[in-house]
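Participant: what follows is a predicted protein model with its sequence.
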Amino acid sequence: MEFTKEVDASGLNCPLPILRCKKGLSELEAAQVLKIIATDPGSVKDFNAFCAQTGHTLLQLNQDGKTFTFYIKKRTD
């Protein structure tokens, strides 16, 4: 999947992956895509809740062993 910016939050536990995601999204234009890599198993639930609350769109979630890769599209408003 194409993305504009990548953030690696591997090895970080809640709430740091979300905080890194928020910072990454703040550097993007509307509708651009952020790729974020995390290893915290709780990040799946956290990113789903984050997107539901903020209006950003979780486009895709991939899991490779203990590594989760999220593609989040910044909201357009």
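Facilitator: Happy to help now that I have it.
Participant: ok, Thr4 touching Leu28?
Facilitator: Yes: under the criterion of Cβ atoms under 8 Å, Thr4 makes contact with Leu28 at 5.7 Å. The C-beta positions use only the backbone N, C-alpha and C, and glycine is treated the same way.
Participant: return every residue with contacts to both of these two.
Facilitator: Common neighbours of Thr4 and Leu28, counting by Cβ atoms under 8 Å, 6 or more residues apart in numbering, are Leu34.
Participant: burial count for the closest residue to Asp40 other than its chain neighbours?
Facilitator: The spatially closest residue to Asp40, leaving aside those adjacent along the chain, is Asn13, at 5.1 Å (Cβ to Cβ, 6 or more residues apart in numbering). Using other Cβ atoms under 10 Å, Asn13 has 13 other residues around it.
Participant: who are the packing partners of the helix or strand that contains Ala49?
Facilitator: According to DSSP states H and E, Ala49 maps onto helix 43-54. Applying 3 or more Cβ pairs under 8 Å, 6 or more residues apart in numbering; DSSP states H and E, one finds that helix 43-54 contacts helix 16-26, strand 57-64, strand 67-73.
Participant: the second one vs strand 67-73, what angle?
Facilitator: What that stands for is strand 57-64. Calculated by axes from the mean of the first three to the mean of the last three Cα atoms, to 10 degrees, strand 57-64 forms an angle of 160 degrees with strand 67-73.
Participant: what is the mean pLDDT for strand 57-64?
Facilitator: The pLDDT scores in strand 57-64 average 98.
Participant: contacts for that strand?
Facilitator: 1, 33, 44, 47-48, 51, 68-73, 75.
Participant: just the buried subset of the residues you listed, please.
Facilitator: Neighbour-count burial (16 or more other Cβ atoms under 10 Å) is assigned, among the contacts of strand 57-64, to Val33, Phe47, Cys51, Phe68, Thr69, Phe70, Tyr71, Ile72, Lys73.
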